[in-house]
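**Q** can you look at this prediction? I've put the sequence above it.
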Amino acid sequence: MQLTGVRIGFGLTGSYCTIPEVIPALRQLRAAGAELFPIASPYVLQTDTRFGKGEELHKTLVEITGREPWQSLVEVEPIGPKRLLDLIVVAPCTGTTLSHLAHGVSNTVVTLACKAQLRNERPVVLAISTNDGLGANLLNLGMLLNRKFIYFVPFGQDEPDRKPNSLVAKMELITPTVIHALAGKQLQPLLQ
């Protein structure tokens, strides 16, 4: 298998409408042999929305990965000093998370995990899902596109007529993006 033995942290943030699209990517990474370490804020795992129940998401993550999700700053802090992971994926990556990463704010479990990973110059893959990617968050997107060790799952406008500033990654491209990022390359074309 192409990713056998690769240790991947998988961070989920609060774009609740996109989380169901991310689950198949988790399964695909696992099927490719990756060791998965789920990372999610307690809010993501405890919030029930019209898109799903937090408890069900928690069960699904454990079923796919065989591990309890890391949910606290204390749990993810060792990622840096112990070099626990080969790569981190953040999917979905909200506009808030994008902003925090662009400005070095590491006050959530996912952003601290990314900071810990980047300190070792190891790849972080972002699968954006934000209603303001071509609005207020465009500056943050531009900053991160120019940053070393950050790679993006190819993305595009999801509903340009109704939500002209909204950008969403092609979640089915998470695995190929991971494979490219491990080789230090950005999967192309980036804009789709």
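**A** Received, thanks. Numbering: from 1, shown residues only.

**Q** helix, strand or coil for the residue nearest the centre of the chain?
**A** Central residue check for the chain by Cα atoms, centre = their mean: the C-alpha nearest the mean position is that of Val90, 0.8 Å away. Look at Val90: counting by DSSP: H, G, I helix; E, B strand; the rest coil, its state is strand.

**Q** hmm, which helix or strand of this protein has the shakiest average pLDDT?
**A** Ranking every helix and strand in the chain by mean pLDDT, DSSP states H and E puts helix 42-46 at the bottom, with a mean of 85.

**Q** so for the helix or strand that comes right after that one, what's the average pLDDT?
**A** Under the assignment DSSP states H and E, the closest C-terminal helix or strand after helix 42-46 is helix 54-65. When pLDDT is averaged along helix 54-65, the result is 95.

**Q** and stretch 116-127, by the same measure?
**A** With pLDDT averaged residue by residue, stretch 116-127 scores 97.

**Q** list the buried residues in that stretch.
**A** When burial is assessed from 16 or more other Cβ atoms under 10 Å, stretch 116-127 yields the following buried residues: Ala116, Gln117, Leu118, Arg122, Pro123, Val124, Val125, Leu126, Ala127. The C-beta positions use only the backbone N, C-alpha and C, and glycine is treated the same way.
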